[in-house]
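Trainee: What shape does this take:
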Amino acid sequence: MKNLDFFFRVAGAVFLSGAPLLASAQGGQQRWPDYRSNELESLWLEGGAEVGWPALLREDTTRFSNFIFQCKQKPFSAPGESTAAQWVRVAYHDMATHNANDDGLGGLDRSILYELDRPENVGNAFPLSLEELSQLTRYVSGADVIALGVVHSVVECGGPLIPFRGGRIDATEAGPAGVPEPTQTLEEHTEKFRKQGFNKTEMIELVACGHTLGGVTAGDFPDIIDNTTAVKPVSEFDTTRTFDNAVVLEYLKDTTNNLLVIHPNATVVSDKRIFGSDGNKTMETLADEDTFQARCRDLFERMINTVPKGVELTDVFEPIKAKVGRSFLTFNQTLGLHTEIRLLTTNDNRKVTLKWEDRISGGQTHSASPFKVTETTNGALAARLGHTPTHYWFNPTIDANTSISKFWFEVDEGNGGQADIYDNGGAGFPIAQDKVIWARDLSFHGQGFPDFIWSFTMAIRNDAGTIGQVSASVETFLRNNKLNFIKSTATLERDTIVPAVAGFDFYTFHGTEKIDDRIYFDVTATIGEEKVTEEYLYNYWVTENVNNPDGPIEFL
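Mentor: Next up is the predicted model:
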């Protein structure tokens, strides 16, 4: 990766309009259901979007923060490469063409995906980091993921906790070129930063903050570091691998190995020109570690909040005290409810109980205990806030005849006090319908085959009217399509292999196109005169057989 011209280049102006972001994660309160805010809060606090099933909570592929946990390198990366520095560079390049004084276009908007062929975006930092944009979902934008990449990178490397706001909107095409080049003059750099909204002092601070991580990579910048003679492929900006002011102190002491300061070719020493542009006054101020950390926090917050005109960000996120996750009915031979609640602390004496109310019998209440409890322990952000997010997972059997109308949770901390009730402000967490239900255990997602095999099956009530058309709106995520979702429609056919169960028929769709990641789908069935929809289902929750499509199915 190259972190060399970390502060050079950018992102554009055309963006995709989207629904307003509800403020459910602000003030520690949850509005439910609100997929966008809830997924963002999980990605911010725990380093991964809502996974919806306990097995997925432990997998590296679903944990955004695992890529930068404790400021570590990615597996198989070259010595000296910094994943955290890659994220900071990506964010700056995506933001840098913002024009604060004229049209207000440009900013952090993910347009960099369409700009990777530009010389100004040379290096592996962009494609390597953008691979993790697979964390985006139907409701979480790539631009928000890039901003979170900065937040997590800085805190994982021991730096300040940067306040996070959501609501960025992804561009659908490239923005204008024009990120500052390391060979440009001081005057050109100053003007570029001014257009971005940063004055001369802030320019010095921002470059120093950005260059506390990473370095110059030989493979990306052979004119600066000779790949054939280099002792290692990355010449780091300072002698530490943490977020500290060593880059400042070593510069002031004249002991720096930063090639952008000491290189014999005067045209490439952009850090030297910038750092010394006010007689080292700003750098001397940054020699105080507390000042350095505070300024970096404030400037990085401004950087990730620099968005195109018209994009409104949310309030600053705070942890949700008691958060109900993705919840849905399931059906195989029996009706079930899958749900979970996440609390911010652990407590071995705590008793968490799920309660629900019948849909048919006039309000009879039932209860269940969790089948699994998991903790999220591998993230610096939650730890910095003093939290150990703990998930309580439930999957009780529901009487299909009486069904379920709503549910809630009772939490007894085991301290002799009164139990807390989490019931969506008194309304309960509603189950909107029980006529179109996902048959999760009969659905399938196979990986590793030449032609990926996948299907999804729905249980449709046959005692509520004649079943007409059953169709799905499908969104397939493809890495080789600029990390966009491909939208399509599908028709589910009556499944003649799966026998009907009293009150339900089964309908299945068998996918034929290759997928390399995930699918979201909404299923709508016409039942009598009514159209009923079950929305936002996710193939990562289905059964999986990795190596043998004809062998036994493994359950996640």
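
Trainee: Figure out the length between the terminal residues of stretch 327-342.
Mentor: End-to-end distance of stretch 327-342 (CA to CA, to the nearest Å): 13 Å.

Trainee: next one: stretch 270-282
Mentor: End-to-end distance of stretch 270-282 (CA to CA): 16 Å.

Trainee: host element of I224?
Mentor: Using DSSP states H and E, I224 maps to neither a helix nor a strand.

Trainee: Now for it: which residues touch it?
Mentor: I224 is in contact with L4, V216, L259, L260, H263, N265, V268, counting by CB atoms under 8 Å, 6 or more residues apart in numbering. All C-beta spots, glycine's among them, are computed from the backbone N, C-alpha and C.

Trainee: try T353
Mentor: S367, A368, S369, F409, E410, V411, D412.

Trainee: pLDDT score for the fifth one?
Mentor: pLDDT, the model's per-residue confidence, is 98 for E410.

Trainee: Look at G107 and tell me its secondary structure.
Mentor: With DSSP: H, G, I helix; E, B strand; the rest coil as the basis, G107 sits in coil.

Trainee: Only C-alpha atoms, please: export stretch 292-305 in CSV.
Mentor: Presented in CSV, the C-alpha positions along stretch 292-305 are these (Å, rounded to 0.1, in the frame of the first residue of the first chain):
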residue,chain,number,x,y,z
PHE,A,292,-1.6,16.5,18.7
GLN,A,293,-4.3,14.1,19.6
ALA,A,294,-7.0,16.8,20.1
ARG,A,295,-6.2,18.5,16.8
CYS,A,296,-6.2,15.2,14.9
ARG,A,297,-9.5,14.3,16.4
ASP,A,298,-11.1,17.5,15.3
LEU,A,299,-9.6,17.7,11.8
PHE,A,300,-10.3,14.0,11.0
GLU,A,301,-13.9,14.6,12.1
ARG,A,302,-14.2,17.5,9.8
MET,A,303,-12.6,15.5,7.0
ILE,A,304,-15.1,12.6,7.2
ASN,A,305,-18.0,15.1,7.6
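
Trainee: just how off-centre is that stretch within its chain?
Mentor: When C-alpha coordinates are averaged (CA atoms, centre = their mean, to the nearest Å), stretch 292-305 and its chain have centres 20 Å apart.

Trainee: same thing with stretch 214-223?
Mentor: Centroid separation for stretch 214-223 versus its chain: 29 Å, with CA atoms, centre = their mean.

Trainee: Please tell me how far G47 sits from T376.
Mentor: Distance of G47 to T376, given as CB to CB, to the nearest Å: 8 Å.

Trainee: still on that earlier bit, the contacts of I224, buried ones only, as a PyMOL selection?
Mentor: Selection of the buried residues among the contacts of I224 in PyMOL, burial being defined by 16 or more other CB atoms under 10 Å:
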select buried, resi 4+216+259+260+263+268
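
Trainee: got JSON lines for the contacts of I224, with distance to L116, secondary structure and pLDDT too?
Mentor: Shown next, in JSON lines, are the contacts of I224 (distance: CB to CB, whole Å; DSSP: H, G, I helix; E, B strand; the rest coil; pLDDT from 0 to 100):
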{"residue": "L4", "distance to L116": "16", "secondary structure": "coil", "pLDDT": "35"}
{"residue": "V216", "distance to L116": "19", "secondary structure": "strand", "pLDDT": "87"}
{"residue": "L259", "distance to L116": "24", "secondary structure": "helix", "pLDDT": "93"}
{"residue": "L260", "distance to L116": "23", "secondary structure": "helix", "pLDDT": "94"}
{"residue": "H263", "distance to L116": "26", "secondary structure": "coil", "pLDDT": "94"}
{"residue": "N265", "distance to L116": "26", "secondary structure": "coil", "pLDDT": "92"}
{"residue": "V268", "distance to L116": "22", "secondary structure": "helix", "pLDDT": "91"}
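
Trainee: ok, so of the contacts of I224, who is nearest K200?
Mentor: Ranked by distance to K200 (CB to CB), the contacts of I224 are led by L260 at 17.9 Å.

Trainee: coming back round to it: between G47 and T376, point out the one with more neighbours.
Mentor: Comparing G47 with T376 by other CB atoms under 10 Å, the one with more neighbours is G47, at 27 against 22.

Trainee: That one contacts V155, doesn't it?
Mentor: No: at 10.2 Å, G47 does not count as touching V155 under the criterion of CB atoms under 8 Å.

Trainee: residues shared between the contacts of these two?
Mentor: Applying CB under 8 Å, 6+ apart, one finds that G47 and V155 are jointly contacted by L381.

Trainee: for M303, what are its contacts?
Mentor: The contact partners of M303, by CB under 8 Å, 6+ apart, come to A91, Y92, M95, L108, V150, L206.

Trainee: Got the confidence number for the residue nearest to the fifth one when sequence neighbours are not counted?
Mentor: What that stands for is V150. Distances taken as CB to CB, 6 or more residues apart in numbering place A91 nearest to V150, at 4.8 Å, with adjacent residues excluded. pLDDT, A91: 94.

Trainee: Secondary structure of A91: a helix, I assume?
Mentor: Yes: assessed with three-state DSSP, A91 lies in a helix.

Trainee: hang on, isn't it packed against V145?
Mentor: No: using CB under 8 Å, A91 makes no contact with V145, being 10.3 Å away.

Trainee: V373 pairs with what?
Mentor: Y392 (DSSP bridges).

Trainee: For E202, see how far away it is.
Mentor: As judged by CB to CB, V373 and E202 stand 46 Å apart.

Trainee: Settle it for me: which of the two has more neighbours?
Mentor: The neighbour count for V373 versus E202, taken as other CB under 10 Å, is higher for E202 (18 against 15).

Trainee: Quick one: residues contacting the closest residue to the more buried one other than its chain neighbours.
Mentor: In space, E202 comes closest to L299 once its chain neighbours are excluded; the distance is 6.2 Å by CB to CB, 6+ apart. Taking CB under 8 Å, 6+ apart, we find L299 in contact with F198, E202, E205, L206, C209.

Trainee: looking at this, the third one is in a helix?
Mentor: The reference is to E205. Yes: assessed by three-state DSSP, E205 belongs to a helix.

Trainee: In the stretch 251-400 of the chain, mark out all the helices, start to finish.
Mentor: 259-262, 270-275, 281-285, 289-304, 380-384 (DSSP state H, counting those that start in this stretch).

Trainee: now stretch 522-532: how far from the chain's centre is it?
Mentor: Distance of stretch 522-532 from its chain centroid, counting by CA atoms, centre = their mean, is 32 Å.

Trainee: actually stretch 270-278, sorry about that
Mentor: Using CA atoms, centre = their mean, the offset of stretch 270-278 from its chain centre is 35 Å.

Trainee: Equivalent analysis for stretch 429-445, please.
Mentor: How far stretch 429-445 lies from its chain's middle: 25 Å, per CA atoms, centre = their mean.

Trainee: how long is stretch 373-391 from one end to the other?
Mentor: Terminal-residue distance, stretch 373-391 (CA to CA): 6 Å.

Trainee: Of the contacts of L299, which is the most crowded?
Mentor: C209 (29 neighbours).

Trainee: Run through the residues that contact that residue.
Mentor: Applying CB under 8 Å, 6+ apart, the residues contacting C209 are F292, R295, C296, L299, F300.

Trainee: Just give me how far the strand or helix carrying it sits from the chain centre.
Mentor: Using DSSP H and E, C209 sits within helix 200-210. Relative to the chain's own centre, helix 200-210 is displaced by 27 Å; criterion: CA atoms, centre = their mean.

Trainee: Likewise for stretch 208-216?
Mentor: How far stretch 208-216 lies from its chain's middle: 24 Å, per CA atoms, centre = their mean.
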